[in-house]
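J.: Here is my input; please provide its structure:
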Amino acid sequence: MNAWAAVLITTIIAGVSQPGPLPPADQSLSVTLKNRTGVLIRRIYITPVDREDWGYMLNRDNLSIRGSIEIRVLRNGCRYDIRATLDSGRYERQLMNVDLCETRTVTLGRKNTRFVERPAGY
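T.: This is a model prediction of the structure:
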C-alpha cells in the first residue's frame with residue numbers, strides 16, 4: 001500500500017466534520033486549505049516536491065467556495081506541492097514548493113496559485 005493512502009481527512013464544510021484514518025501524529029503534518037479560487041474545488045492532491053506524480057486524491061467531498069478543509073499527510077520532509085482540480089475538472093490551481101512545517105494554513109486563491117488548463121478529453 002502506498003504511504004499516501006494513509007491520510008487523515010477531516011472535511012469542514014458548514015461545520016460538519018467527517019474523519020478518516022489517522023496516521024500517528026509524530027509521522028504526519030496537518031494543514032488547513034482555504035478555497036479562495038472563486039469556484040468549487042473537486043480534488044486536492046498534496047505531494048512532496050521531489051515526487052514525480054500527484055499520488056492519491058486526498059478529499060472525499062468537494063471544497064465549497066470560501067470553504068476550508070483540514071488534511072493530515074504522512075511526513076516526508078517539509079516542502080510539498082499542492083494541486084486543486086476545479087469545478088469542471090479541466091482546470092486546476094497549483095501551489096508549488098510550500099513549506100508545510102512552517103505554514104499550517106494555506107490559502108488557494110487566484111493570485112497566489114498557478115492556473116493550469118488541461119487538454120480537452122483529459
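J.: ok, now which ones touch the spatially most central residue of the chain?
T.: Centroid-nearest residue in the chain, with Cα atoms, centre = their mean: residue 44, separated by 3.8 Å. Neighbour list for residue 44: 33, 57-59, 63, 69, 71, 82-85 [criterion: Cβ atoms under 8 Å, 6 or more residues apart in numbering]. Yep, even glycine has a C-beta here, placed from its N, CA and C like the rest.
J.: Buried among these? Need that as a selection in PyMOL.
T.: Selection of buried members from the contacts of residue 44 for PyMOL, criterion 16 or more other Cβ atoms under 10 Å:
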select buried, resi 33+58+59+63+69+71+82+83+84+85
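J.: Ignoring the adjacent residues along the chain, who's closest to residue 63?
T.: residue 41 (3.9 Å; Cβ to Cβ, 6 or more residues apart in numbering).
J.: Touching, the one you found and residue 62? I think so.
T.: Yes. Between residue 41 and residue 62 there is a contact under Cβ atoms under 8 Å: 6.6 Å.
J.: The two: which has the busier surroundings?
T.: residue 41 (22 against 17; other Cβ atoms under 10 Å).
J.: So what sits opposite the more buried one in the bridge?
T.: Counting by DSSP bridges, residue 41 is bridged to residue 63, residue 86.
J.: quick one, what contacts it?
T.: Counting by Cβ under 8 Å, 6+ apart, residue 41 has contacts 35, 59, 62-63, 84-87, 108.
J.: which is the next helix or strand following the worst-scoring helix or strand of the chain on mean pLDDT?
T.: Here the helix or strand of the chain ranked lowest by mean pLDDT, DSSP states H and E is strand 8-12, holding a mean of 33. Using DSSP states H and E, the helix or strand that directly follows strand 8-12 along the chain is strand 28-36.
J.: what's the burial count for residue 100?
T.: 20.
J.: nope, residue 39 is what I was after
T.: That count, for residue 39 with other Cβ under 10 Å as the rule, works out to 15.
J.: and the helix or strand containing residue 107, which residues are buried?
T.: Assigned by DSSP H and E, residue 107 falls within strand 105-109. If you call a residue buried by 16+ other Cβ under 10 Å, then strand 105-109 has these buried ones: 106-108.
J.: Since that was my last question, I'll sign off now.
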